[in-house]
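**Student:** here's a sequence, model it:
(2 chains)
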Amino acid sequence: MTNTDSRQPLMRISHLTKEFKLKSKRFGQKPQILHALSDVSLDVYEGETLGIIGESGCGKSTLGRTIIQLHKATSGTVEYQSKNIFDLKGAELKNIKKDIQMVFQDPFSSLDPRNTCEDIIAEPIKVHNIISDPKKRQERVLSLMREVGLDVQHMNRYPHEFSGGQRQRINVARALALNPKIIVCDEPVSALDVSIQAQVLNLFNRLQKQHNLTYIFISHDLGVIKHISDRIAIMYLGRVVELCEAGQIYANPLHPYTRALLSAIPPESPFEKKERIVLKGEIPSPIGEQIGCPLAGRCPNCMERCTREIPTLRDVGDGHQVACFLHHND
Amino acid sequence: MMENKEPVTAGGDALGMQYSEELLKRERKANSAWNKLRRNKTAMVGLFIVSLMIFIAVFAPLLTPFDHAKINPAEAFMAPGEGGHIFGTDHVGRDLLTRVFYGARVSLIVAFGGTVVAGCLGVILGLVAGFFGGVVDSVIMRIMDGMLAFPFILLAIILMTVLGDGIFNVILAIGIGNVPSFARVVRGEVHIIKNEEYCNAARVIGVSNVRMLFTHILPNTISPLIVYATLGIAGAIISEAALSFLGLGISEPTASWGSILQTGKNWMDGSPHIATLSGAFILVTVLGFNLLGDGIRDVLDPKMKK
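**Tutor:** Residues are numbered from 1 along each chain as shown, chains lettered A, B, ... in the order given. From the prediction side, this is the model:
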């Protein structure tokens, strides 16, 4: 998958920005602005898994939720089938929603406790009126359940009767019910035990092959992302700092933040010498005006320019994009 | 054991399918609301009490030989058991048992009707206010707060004066008077539930607001609602008595438990049975509704699956 440039993207996220207004504590004070996402541009290609990784609070989940329109974007567009999905209304929007589904992070709260497994999986089919015959609908639900590794006896059970892994399977089955093209996975395995994580990840892989799905896979787990992704975007403080092929990012990380992040993976062998790059200080506050590169205060390679300008994401060859002045040749 | 197991799995999908259909049916049956209620002993006691009271109310004329309105001063203040009057007689010589039986009609209708009216209006207002928030929420809830500022009985008096006498107006007055508290209970719950992740999941699927309100939000507010409604029934019986006492509710000679209790308390030292017996009926009925309500709440909660 080296020729990503020549392919037409399935979804094009451009200059997506999300700001949250924080209510001021004092009366009459101007509300402060929290920059959750700043100028995020990503192309998503058909059939790939785009991994999005970053530390807590860097805007990974906000990105997922903005794409899926649970948050209203402040500016920017998400193009799907050459239409900006934020401009759509009514029936058209409903149709687009069919193609873009989501698997949530918390398998415990994302299922209605008063609906049975069957109700939950059948709901999208009912809402979009895909199968109106109840008997056939039940068959469809059953085949979906079998696909994710559940069976008939689970149909009439309520969410609290399932384990975390099983609930996440119900979540996946619900997302699959509409035959979506893109599934946004918001840390779908981080709430699960490691052994269950592997099972669910393999399920994701299998479903992708069978249905030609495209995943936007959000995670903070380097191992998980490495396992599942074709391309990886590294986020830091609401910005994408590096974007490239999965293999490339581990072999040839360019951005200082990526290097530090990857050096945090423990060495595979105890005899292997591994240099640990430690970024000093804390992640800066996303509240208020943003000046300069977000990493400037912690970066070992910080230049004078970094404190004044914000580096943009630029291609440095082979589809490897990085937002750092070290690699900009101007 | 292994040998026995072989043919079953090898039997093919037909047998497996049949078996699973069976399994599904059994599970569905065991979890049907009625079967769950039947397994709940206290709920069954409540159901029995409520059914008994309804039976008494419906068949009151057939259950006693006396006329509930006939005044007979010669037999006033008879103690229970005296002269064929099982519950004795009241201050004007009417058979108390007959009056209590006839009183069940008014009291049950007013209590149930009033709570249903209050519940329906309160739930709708609470859902709308909680779900849409913002200006809608502020307007609805400030009106509710305004209504709460009046003491309930004063509000009911105002309504009764405007509407006039009669049983339906009593239901309406008690119902409207109780709307604000229902609205508040529901609104608070909706505020929490609408931000739950499963509501976000429904939004992602493309569920409409109306469907969201009635399939996800309302069912999840049901527990506190039922508790509040069963308490409301008790309150409504007492409110009706208070209104009758003030001459605004049901007028004499129509009996209601509340009015019997209210008049009976004037003769507490001489003939305590008038107030105590009618009071006991109120107590038992309220208890019945509470037990039944608790049972229904448990039945509707999927986590209670005994």
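
**Student:** residue contacts, the most centrally placed residue in chain A?
**Tutor:** The centroid of chain A falls nearest to residue A:218 when counting by C-alpha atoms, centre = their mean (3.1 Å). Contact partners of residue A:218, counting by C-beta atoms under 8 Å, 6 or more residues apart in numbering or on different chains, are A:51, A:52, A:53, A:60, A:61, A:63, A:64, A:184, A:185, A:186, A:187. Placement of C-beta: from N, CA and C, glycine included.

**Student:** just send those back as CSV, with secondary structure, distance to residue B:209 and neighbour count too.
**Tutor:** Listed next are these as CSV, based on DSSP: H, G, I helix; E, B strand; the rest coil; distance: C-beta to C-beta, whole Å; neighbours: other C-beta atoms under 10 Å in any protein chain shown:
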residue, secondary structure, distance to residue B:209, neighbour count
A:51, strand, 34, 25
A:52, strand, 30, 30
A:53, strand, 35, 24
A:60, helix, 29, 22
A:61, helix, 24, 22
A:63, helix, 26, 28
A:64, helix, 23, 23
A:184, strand, 22, 29
A:185, strand, 27, 26
A:186, strand, 23, 24
A:187, coil, 28, 20
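
**Student:** of those residues, which is the nearest to chain B?
**Tutor:** residue A:184 (8.6 Å; C-beta to the nearest C-beta).

**Student:** is it true that the closest one touches residue A:62?
**Tutor:** No. Residue A:184 is beyond contact range of residue A:62, at 11.8 Å (criterion: C-beta atoms under 8 Å).

**Student:** show me what from chain A comes close to chain B.
**Tutor:** A:68, A:70, A:93-94, A:97-98, A:101-102, A:104, A:106, A:109-116, A:123-124, A:127-128, A:151-153, A:155-156, A:158, A:160, A:171, A:174, A:178 (C-beta under 8 Å from any C-beta of the partner chain).

**Student:** count the residues that sit near residue B:252.
**Tutor:** Using other C-beta atoms under 10 Å in any protein chain shown, residue B:252 is surrounded by 11 other residues.

**Student:** for residue A:256, state which of the contacts of residue A:218 is nearest.
**Tutor:** Using C-beta to C-beta, residue A:53 comes nearest to residue A:256 of these, at 15.7 Å.

**Student:** shouldn't that closest one be in contact with residue A:60?
**Tutor:** Yes. Residue A:53 sits in contact with residue A:60 when judged by C-beta under 8 Å, with a separation of 7.3 Å.

**Student:** what residues are shared contacts of these two?
**Tutor:** A:218, A:219, A:220, A:235.

**Student:** can you pull out the strands in the stretch 151-300 of chain A?
**Tutor:** Per DSSP state E, counting those that start in this stretch, the stretch 151-300 of chain A carries strands over the ranges A:182-186, A:214-219, A:231-236, A:239-245.

**Student:** using TSV, lay out the ones you listed together with distance to residue A:311.
**Tutor:** Output for those, formatted as TSV (distance: least, C-beta to C-beta, whole Å):
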stretch	distance to residue A:311
strand A:182-186	27
strand A:214-219	23
strand A:231-236	11
strand A:239-245	8
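
**Student:** so which of the ones you listed gets nearest residue B:290?
**Tutor:** The nearest among the strands of the stretch 151-300 of chain A, by C-beta to C-beta, is strand A:182-186 at 43.6 Å.

**Student:** run me through the strand neighbours of that closest one, direction for each.
**Tutor:** Strand pairing for strand A:182-186, determined by DSSP bridges: strand A:100-103 (parallel), strand A:214-219 (parallel).

**Student:** and those as CSV, adding distance to residue B:257 and mean pLDDT?
**Tutor:** Shown next, in CSV, are those (distance: least, C-beta to C-beta, whole Å; pLDDT from 0 to 100):
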stretch, distance to residue B:257, mean pLDDT
strand A:100-103, 56, 93
strand A:214-219, 62, 94
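
**Student:** want to try JSON lines for those, with distance to residue B:254 as columns?
**Tutor:** Listed next are those as JSON lines, based on distance: least, C-beta to C-beta, whole Å:
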{"stretch": "strand A:100-103", "distance to residue B:254": "61"}
{"stretch": "strand A:214-219", "distance to residue B:254": "69"}
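
**Student:** which residues touch the spatially closest residue to residue B:76 that is not a sequence neighbour?
**Tutor:** Distances taken as C-beta to C-beta, 6 or more residues apart in numbering or on different chains put residue B:93 closest to residue B:76, at 4.3 Å, once the chain neighbours are dropped. Going by C-beta under 8 Å, 6+ apart, residue B:93 touches B:71, B:72, B:73, B:74, B:75, B:76, B:78.

**Student:** just residue A:299 next, same as before
**Tutor:** Taking C-beta under 8 Å, 6+ apart, one finds A:256, A:257, A:279, A:293, A:306 in contact with residue A:299.

**Student:** distance of it from chain B?
**Tutor:** Look at residue A:299 and chain B: by C-beta to the nearest C-beta, to the nearest Å, they are 36 Å apart.

**Student:** for that residue, give me the pLDDT.
**Tutor:** Note for residue A:299: predicted pLDDT of 85.

**Student:** now it. Its backbone dihedrals?
**Tutor:** phi -80, psi 130 (degrees, to the nearest 10).

**Student:** roughly how far does it sit from residue A:124?
**Tutor:** Noted for residue A:299: a distance of 45 Å to residue A:124, by C-beta to C-beta, to the nearest Å.

**Student:** give me the number of residues near residue A:181?
**Tutor:** Residue A:181: 21 neighbours (other C-beta under 10 Å).

**Student:** so the closest residue to it other than its chain neighbours versus residue B:279, what's the distance?
**Tutor:** In space, and not counting its chain neighbours, residue A:181 is closest to residue A:99: 4.5 Å by C-beta to C-beta, 6+ apart. Counting by C-beta to C-beta, the separation of residue A:99 from residue B:279 is 65 Å.

**Student:** again, but for residue A:289
**Tutor:** Counting by C-beta to C-beta - residue A:289 and residue B:279 are separated by 71 Å.

**Student:** the more surrounded of these two?
**Tutor:** residue B:279 (16 against 7).

**Student:** from what I see, that one and residue B:261 are in contact.
**Tutor:** Yes. Counting by C-beta under 8 Å, residue B:261 is a contact partner of residue B:279 at 5.4 Å.
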